[in-house]
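**Q** Attaching a predicted model along with its sequence, questions to come.
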Amino acid sequence: MNDIPTVWDWTGNLLTGLRITLLVTVLGTILMIAIAIVLGLMARSRRIAVRGIARVVIEFFRGTSLPIQLFFLFFGLPLLGIRFDPLACGVIAFGLNYGAYGSEVVRGSINAVPKPQWEAATALNLSAWQRMTRVIWPQAIPLMIPAMNNLFIQLLKSTPLLYAISLADIMTKAEDFRKAGGDATLMYLALMVIYFVLAYAVTLLSNMAEVIAKTRLGQHAGLRSVFTFRKPKPAEEAKLVDASSAAGGPGGVR
């Protein structure tokens with residue numbers, strides 16, 4: 001009797017692990033976006049203290065390794081009496097790390113909105129909230145999306161780190177398969193295909209969001225652009241020079 005499992009036999013386990021991977025990716029992305037917006041706006045504050053706090057937080061999480069941050073949350077904090085379950089540790093670590101990089105994208109995209117737009121909003125006697133929500137943000141969002149898409153994909157590809165904190169994601173299930181004597185080559189090939197499909201799906205969703213954002217501005221990009229890999233045009237890259245400072249880290253503007 002052959003007790004060696006096949007990849008097909010392990011499909012149920014992989015789907016169980018995939019659900020965890022997707023859950024961490026979605027929750028981590030939501031937290032990342034929230035942190036990116038908050039820190040990005042703080043980094044543009046006129047108050048030196050607020051800008052200083054934002055810069056310290058941003059540089060700290062950009063300057064320290066994601067695995068170390070993850071291990072600190074899971075292994076270090078319990079020694080201080082603070083304990084999170086593995087899922088929460090993964091979501092928090094990914095959200096903080098990629099949120100720090102995303103804040104530079106937010107800040108750079110807002111700064112890239114042409115100065116006359118700011119002046120026109122001021123001339124219309126709009127409040128600061130109205131200027132940002134009605135004039136600046138609608139124009140900044142299309143600039144953010146291509147760079148943010150890089151971060152979304154990098155966050156997704158970082159989820160195998162969850163294996164190190166015993167969270168039963170798809171990587172953990174793949175390792176269980178290998179330890180059970182299964183064909184590791186086929187399993188890792190299957191993982192590469194799965195991650196490629198997920199990453200391409202993220203790219204399609206980002207392209208759709210960009211088309212919708214541009215359509216609302218009267219810039220009809222067309223549905224064909226949804227199925228193409230997007231990167232900022234040269235003029236956009238020049239405008240996003242501030243955001244490109246994140247290029248040295250995971251998923252920065254390249």
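**A** Structure's in. What do you need?
**Q** buried sites along the helix or strand where residue 107 lies?
**A** Remark: residue 107 resides in helix 86-112, with elements defined by DSSP states H and E. Applying a neighbour-count criterion of 16 or more other C-beta atoms under 10 Å, one finds 86-87, 89-112 buried in helix 86-112. C-beta here means a position set from N, CA and C on the backbone, and glycine is covered the same way.
**Q** what does the helix or strand that that helix is followed by contact?
**A** Using DSSP H and E, the helix or strand that follows helix 86-112 in sequence is helix 115-123. Residues from elsewhere that reach helix 115-123 (C-beta atoms under 8 Å, 6 or more residues apart in numbering): 130, 131, 134, 135, 136, 139.
**Q** Low-confidence bits of the protein, can you list those?
**A** For the chain, the stretches with pLDDT under 70 are 1-2, 219-254.
**Q** centroid residue for it?
**A** The C-alpha lying nearest the average C-alpha coordinate of the chain belongs to residue 152 (C-alpha atoms, centre = their mean; 3.2 Å).
**Q** In three-state terms, label that residue for me.
**A** Secondary structure for residue 152, judged by DSSP: H, G, I helix; E, B strand; the rest coil, is helix.
**Q** which non-adjacent residue is nearest it?
**A** residue 202 (5.1 Å; C-beta to C-beta, 6 or more residues apart in numbering).
**Q** Show me the helices in the stretch 1-150 of the chain, by range?
**A** All helices of the stretch 1-150 of the chain, identified by DSSP state H, counting those that start in this stretch, fall at 11-42, 48-63, 66-71, 86-112, 115-123, 128-130, 137-158.
**Q** Pick the most buried one from those helices.
**A** Among the helices of the stretch 1-150 of the chain, the stretch with the highest mean neighbour count (mean count of other C-beta atoms under 10 Å) is helix 86-112, at a mean of 25.
**Q** tilt between that helix and helix 115-123?
**A** Counting by axes from the mean of the first three to the mean of the last three C-alpha atoms, to 10 degrees, helix 86-112 lies at 90 degrees to helix 115-123.
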